[in-house]
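Need the 3D shape of this:
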Amino acid sequence: MNTEQPGTYLQYLPGIYHQTPSGKERNFVGQFLKVFEKILSEIDDDVKAEDATGGEQEVIGIEEILENIHDYFDPLFTPGPGDGETDFVSYLASWVGLSLRQNWPEDKKRRLIAEIVPLYKKRGTREGLTQILQIFTGEHVTIEDVLPEIQVGINSWILKGGLRLGGYKPHFFVVNITIDVFDRQFLPDLEKNIRDIIDLEKPAHTYYALSYRFPGIQVGIHQRSEVGQTTLIFGS
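Numbers count the residues shown, from 1 in each chain. Predicted coordinates for the structure are as follows:
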């Protein structure tokens, strides 16, 4: 747009404001209204705004923002900390009472925010914790709150719940996570994030342990290998 031309908002004012005083090159009211037109409707006048880093960025009109305001309330599309705008991801998390750790990947944060409200009904339950961990990790997760059977000798069995051996505390459960790809550098960060989630969501009086299942074949006398669960075969 030619900066010498008055703004289009001038057409909504009475004709007397359209007149340019003698000796003046431009209509003051028309040029003055361009300030509001820039903010509200966005005009192409090569005027930039300063961003948070001291650089320049395009000025987006309020009308355009309102046309896309629904994206700001969608955790999958709302601006995040890496978009050079206000971090609406953390803002939406505060709306639904979700505590986010800074070291969590952004895509995981977005998925948790999108799914967390219906999961609040299951908070503190095995099903709720399982679903949250599956959303965050994208892996197969199971939770066991009893110890496995123990075989004594050849034909004698101690049934689940019948006898407890060892130093496990009451209200103890095991979280089993099947990891499709084993990466020694990836695992420590994943484990820390998983423990953060469990500590936030589990009942306060409970204790837990993590058990990981990695790709491979397990062959033994009393163990079974289940394709797709404990046994994964793929190329390098």
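
what's the next secondary structure element after the least confident helix or strand in the chain by mean pLDDT?
Within the chain, confidence by mean pLDDT, DSSP states H and E is lowest for strand 156-158 among all helices and strands, at a mean of 55. Tracing the chain C-terminally past strand 156-158 and defining elements by DSSP states H and E, one meets strand 172-178 next.

Name the residues that touch the next helix or strand after that following strand?
Remark: after strand 172-178, the chain's next helix or strand is helix 186-201, criterion DSSP H and E. For helix 186-201, contacts defined as Cβ atoms under 8 Å, 6 or more residues apart in numbering pick out 99, 101, 103-104, 108, 123-124, 128-129, 132-133, 136-137, 175, 177, 179, 208, 210, 212. In this view, the C-beta of every residue, glycine as well, is placed from N, C-alpha and C.

Buried subset of those as a PyMOL selection?
With 16 or more other Cβ atoms under 10 Å as the criterion, this PyMOL line picks the buried residues out of the contacts of helix 186-201:
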select buried, resi 104+108+128+129+132+133+136+137+175+177+179+208
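
Filter the contacts of helix 186-201 down to the ones in helices?
Counting by DSSP state H, the part of these found in helices is 108, 128-129, 132-133, 136-137.

Any idea how many residues pack against residue 42?
By the criterion of other Cβ atoms under 10 Å, residue 42 has 16 neighbours.

do residue 206 as well
Using other Cβ under 10 Å, the number of residues around residue 206 comes to 15.

before we move on, what about residue 211?
Neighbours of residue 211 using other Cβ under 10 Å come to 12.

again, but for residue 200
14.

try residue 61
When neighbours are defined as other Cβ under 10 Å, residue 61 has 16 of them.

If you drop the residues flanking it in sequence, what lies closest to it?
Using Cβ to Cβ, 6 or more residues apart in numbering and skipping the chain neighbours, the partner closest in space to residue 61 is residue 42 (3.0 Å).

got a pLDDT number for the one you found?
pLDDT for residue 42: 74.

quick one: contacts for it?
So residue 42 contacts 59-61, 63-64 (Cβ under 8 Å, 6+ apart).

Could you tell me how far it is located from residue 66?
Distance, residue 42 to residue 66, using Cβ to Cβ, to the nearest Å: 12 Å.

With residue 143 instead?
In terms of Cβ to Cβ, residue 143 sits 45 Å off from residue 66.

can you tell me how far the nearest residue to residue 7 once chain neighbours are set aside sits from residue 45?
Nearest residue to residue 7, sequence neighbours excluded (Cβ to Cβ, 6+ apart): residue 34, at 3.8 Å. Between residue 34 and residue 45 the distance, using Cβ to Cβ, works out to 7 Å.
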